[in-house]
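[1] Provided below are the primary sequence and the corresponding predicted coordinates.
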Amino acid sequence: MSDPPTLVSALARYMRDHPHARDSAEGIHRWWLPDGHTVTAEEIEKALNWMTHHKLVAATVAADGRVRFSRATSDAQLDAVITSGNDKLAGAS
C-alpha cells in the first residue's frame, strides 16, 4: 500500500515525463507506476480524484464510456507536487 502523497507524486512524475499520456484508472494502475508501488484500485481512484479536483489532471469520457485521465497543468505545477507539495496532500481528499 502506498500513502496518498507518494502515490500522487508518482503519478505527477509520470505525467511530467510523459506529457501526452492518457489512460483509464486501470491502465494507470497497471502501466504508470514504478516497480515497487503496491496500491489498490481505490487508492488510484482517490489520488486521481484529488488530482482532478486540484486541476492537475483532466478526466474525459471516451466513446467506450470509460473515463480517461490526462495531464491538465504545467511542468511547474507538477514539479511543485513532486517536490514540495507532498506535505499538503496528507489527509487530503
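    Good, I have the coordinates. Residues are numbered from 1 along each chain as shown.
[2] Can you give me every residue that contacts the residue most central in space within the chain?
    The residue lying closest to the centre of the chain (C-alpha atoms, centre = their mean) is Leu11, at 3.8 Å. Contacts for Leu11 (C-beta atoms under 8 Å, 6 or more residues apart in numbering) come out as Ile28, Trp32, Leu33, Ala47, Leu48, Met51, Val57. Backbone N, C-alpha and C define where each C-beta goes, glycine included.
[3] Of those residues, which belong to helices?
    The helices, defined by DSSP state H, take in Ala47, Leu48, Met51 from the contacts of Leu11.
[4] Make TSV from these and add neighbour count, distance to Arg66 and pLDDT to it.
    TSV is the format used below for those (neighbours: other C-beta atoms under 10 Å; distance: C-beta to C-beta, whole Å; pLDDT from 0 to 100):
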residue	neighbour count	distance to Arg66	pLDDT
Ala47	25	18	93
Leu48	22	13	95
Met51	25	18	94
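[5] so which of the residues you listed would you say is closest to Gly65?
    Gly65 lies nearest to Leu48 out of these, by C-beta to C-beta, at 17.0 Å.
[6] I figured Pro19 hits Ala72, correct?
    No: using C-beta atoms under 8 Å as the test, Pro19 is too far from Ala72 to be in contact (10.8 Å).
[7] before we move on, which element is Leu78 in?
    Here Leu78, judged by DSSP states H and E, is contained in helix 75-82.
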